[in-house]
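**Student:** Here you go, sequence then predicted model.
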Amino acid sequence: MKNGDVITGKIVRKFNEKVVFKTSYAGEIQVIWSEIETIRTDEPLAITLSDRTNLRTPLESYDIGKATIQLAPARVRKNEDKQYEEKEIPLEELMYINPTPELSGIGVSWKGRINLGGAVTQGNTDTTTLRLDGESIARTLKHRLTVAAVVNRATSEGENTQFNNRSLIKLDRFVSNKWYVYVNNTLENDRFRDIRLRTTTGAGSGYQVYERPDLNLFVEGGLNYVTVNYYDVDNESYPGARWAVKYDQRILGGSTQFFHEHEILLGLDNASNALAFTKTGLRFPIINNFNASVQYNLDWAGQPADGRKSTDSALIFNLGYVWN
């Protein structure tokens, strides 16, 4: 380090100007990359340079602020050991160490989750409740595809008391490391809100403030066109402005995840044609990739169908499975 300290451990990864070391004495620690003066590794690491070149090479510093890397093997004679061409680069040209596939630009990372919640009571009261939701995200260097869906069903004494579905597909195209443009489509059905099918289609732009294993945040906005087919009243359609935020962060030593999402649609022809969807909660690890979660959902419509309420809320407990 520039202050004279020496850190010994395993390099887990480098991203966003920080490098993560796994040490035997302090677990995982993060160090600001610009504070590193020299570096040496015993084994080859996957690296991505600032010119997007991807290599697998050990690192060795012979000069302060620089690292020597191994390029492709040079031409050698028969029965001779391979001789690698070496090149010295400034440390600031080393963009990523052990990057994920999308950061390296040569692969796709896929992550997602699926949650299940429900209850059955029998006796003096016969009720059944079922909730299923899931989300899958495929990410490359320049693109991100998000597919999500939620299904709610409930009955009481043999009568339906909840029956709704909502699905989303959104494609992001990154035009820089942070900025992206997107197209999205949402389909929604809710019998008890008199919604046979609500379709929301649009496009816009967003800014990825953070995108890390422990912290993610983006904000985005754009224009959408909303079409609603009702069961009992006249259909309607209108243009709208959209604003959305998605945030999650590891807390309590990284074992628990806090998350919050909201999406707001405001009718451009009539301000009362406003919709809001929010979701806030915590996910707790159980074992391996299984977790439990508690969340509070609030859906609001500025102009609900006749005889319906503006606000629907739910406190939800789920068991889930995540993959990365």
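**Tutor:** Alright, I've got the coordinates.

**Student:** buried sites along whichever strand or helix holds residue 160?
**Tutor:** According to DSSP states H and E, residue 160 maps onto strand 159-174. Within strand 159-174, the residues that count as buried by 16 or more other Cβ atoms under 10 Å are 162, 164-166, 168, 170-172, 174. Glycine gets a C-beta too; all of them are placed from N, C-alpha and C.

**Student:** Stretch 176-183 too?
**Tutor:** Here stretch 176-183 shows 180, 182 as buried, counting by 16+ other Cβ under 10 Å.

**Student:** how is this protein carved up into domains?
**Tutor:** For the chain, automatic domain parsing gives the domain ranges 10-99, 109-323.

**Student:** I'd like the distance from the first one to the chain centre, please.
**Tutor:** Per Cα atoms, centre = their mean, to the nearest Å, the displacement of domain 10-99 from the mean C-alpha position of its chain is 28 Å.

**Student:** Over to stretch 110-126?
**Tutor:** Between the centre of stretch 110-126 and the centre of its chain there are 24 Å (Cα atoms, centre = their mean).

**Student:** Rounded mean pLDDT for it, please.
**Tutor:** What stretch 110-126 shows for mean pLDDT is 83.

**Student:** Other residues contacting that stretch?
**Tutor:** The contact list for stretch 110-126 (Cβ atoms under 8 Å, 6 or more residues apart in numbering) reads 127-139, 156-158, 293, 316-324.

**Student:** Are any of those residues buried, and if so which?
**Tutor:** Looks like those have 129, 131-135, 137-139, 293, 316, 318, 320, 322 buried, using 16+ other Cβ under 10 Å.

**Student:** Next SSE downstream of the helix or strand of the chain with the lowest mean pLDDT?
**Tutor:** In the chain, the helix or strand scored least confidently by mean pLDDT, DSSP states H and E is strand 66-74, which has a mean of 81. Downstream of strand 66-74, the next assigned helix or strand under DSSP H and E is strand 83-90.

**Student:** Could you name the helices and strands sitting against that next one?
**Tutor:** strand 66-74 (3 or more Cβ pairs under 8 Å, 6 or more residues apart in numbering; DSSP states H and E).

**Student:** circling back to that earlier point, closest to residue 36 out of the buried residues of strand 159-174?
**Tutor:** residue 174 (27.9 Å; Cβ to Cβ).

**Student:** Measure how the helix or strand hosting residue 242 sits relative to strand 159-174, angle-wise.
**Tutor:** According to DSSP H and E, residue 242 maps onto strand 236-251. For strand 236-251 against strand 159-174, the angle by axes from the mean of the first three to the mean of the last three Cα atoms, to 10 degrees is 80 degrees.

**Student:** next SSE after strand 236-251?
**Tutor:** Next helix or strand after strand 236-251 toward the C-terminus (DSSP H and E): strand 256-267.

**Student:** Give me the mean pLDDT for that next one.
**Tutor:** On average, strand 256-267 scores 96.

**Student:** For residue 276, list each beta-bridge partner.
**Tutor:** Counting by DSSP bridges, residue 276 forms beta bridges with residue 264, residue 300.

**Student:** I should have written residue 48 there, sorry.
**Tutor:** So, taking DSSP bridges as the rule, residue 48 has residue 54, residue 96 as bridge partners.

**Student:** That one against residue 102, yeah?
**Tutor:** No. Assessed by Cβ atoms under 8 Å, residue 48 is found out of contact with residue 102, at 11.1 Å.

**Student:** by how many degrees do the helix or strand following the strand holding residue 160 and strand 256-267 diverge?
**Tutor:** Using DSSP H and E, the helix or strand that follows strand 159-174 towards the C-terminus is strand 179-190. Orientation check (the same axes, to 10 degrees): strand 179-190 against strand 256-267 gives 80 degrees.
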